[in-house]
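> Sequence first, predicted model second:
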Amino acid sequence: MKWRELVHADVPAAVSAVREAADDLLDLPLVPYADDEIVDLMREVEEVRRQLDVVARQLAAEAQSRCLPQRAGSGKLSKFLQETLNLGRGEAAARATAVDVLAERTDPVSGVVKAPALVWTAAAQARGLVSAEHARVIGKIMARIPGSVNADDRELAEQQLVGLALHMSPDVLP
């Protein structure tokens with residue numbers, strides 16, 4: 001299936017197409033490519049991987065909104081992710097925290113969609129510009145900002161952190 005055909009396809013078909021493309025990539029030789037092409041391909045694959053992290057987060061948020069963790073007997077989303085996806089405790093907790101601050105929320109009663117707490121970070125990750133680790137570090141930094149700081153200043157701080165993340169490893173963010 002071609003990507004253009006997915007415009008009106010359903011999510012399972014799109015996931016299947018991604019799987020098929022990944023399978024195809026695994027079979028292709030890399031030797032014929034020049035060094036700069038390898039570096040460009042590495043960057044492009046990283047952007048796609050980051051976008052897939054967002055898809056995984058959206059699925060986890062949807063599972064949470066449907067109370068799947070409770071119905072499965074897991075209770076919390078992190079435990080559900082750990083059991084369902086065979087994740088380690090730390091990875092599952094990180095993903096659950098990402099859902100809390102980076103996922104859109106739909107009120108089940110009103111249907112109103114609420115923006116993520118870290119809207120700039122979520123948008124940058126959705127475009128493949130920052131990693132899940134960047135987002136985690138930005139979230140930790142933002143959580144340290146006192147509640148007395150006004151919303152405009154908090155937003156500016158997040159914008160600046162995202163701007164830094166575009167050019168820095170998460171290990172060296174302030």
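That came through fine.

> And for Ala157, the neighbour number?
Other residues near Ala157 come to 16 when the count uses other C-beta atoms under 10 Å. Bear in mind the C-beta positions are built from the backbone N, C-alpha and C, glycine included.

> what do you get for the one 5 residues further on?
A total of 22 residues lie near Val162 under the criterion other C-beta under 10 Å.

> and it, what element?
Using DSSP states H and E, Val162 sits in helix 151-165.

> Give the rounded mean pLDDT of that helix.
Average pLDDT, helix 151-165: 97.

> ok, longest helix in the chain?
Ranked by residue count and defined by DSSP state H, the top helix of the chain is helix 35-65.

> rewinding a little: and the helix holding Val162, C-alpha only, in PDB?
The C-alpha coordinates for helix 151-165 follow below in PDB (Å, rounded to 0.1, in the frame of the first residue of the first chain):
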ATOM      1  CA  ALA A 151       1.200  31.200  32.200                       C
ATOM      2  CA  ASP A 152       2.800  33.500  29.600                       C
ATOM      3  CA  ASP A 153       6.200  33.200  31.300                       C
ATOM      4  CA  ARG A 154       5.800  29.400  31.600                       C
ATOM      5  CA  GLU A 155       5.000  29.200  27.900                       C
ATOM      6  CA  LEU A 156       8.000  31.300  27.100                       C
ATOM      7  CA  ALA A 157      10.200  29.100  29.200                       C
ATOM      8  CA  GLU A 158       8.900  26.000  27.400                       C
ATOM      9  CA  GLN A 159       9.400  27.600  24.000                       C
ATOM     10  CA  GLN A 160      13.000  28.400  24.900                       C
ATOM     11  CA  LEU A 161      13.700  24.800  26.200                       C
ATOM     12  CA  VAL A 162      12.200  23.400  23.000                       C
ATOM     13  CA  GLY A 163      14.400  25.800  21.000                       C
ATOM     14  CA  LEU A 164      17.500  24.500  22.800                       C
ATOM     15  CA  ALA A 165      16.400  20.900  22.400                       C
END
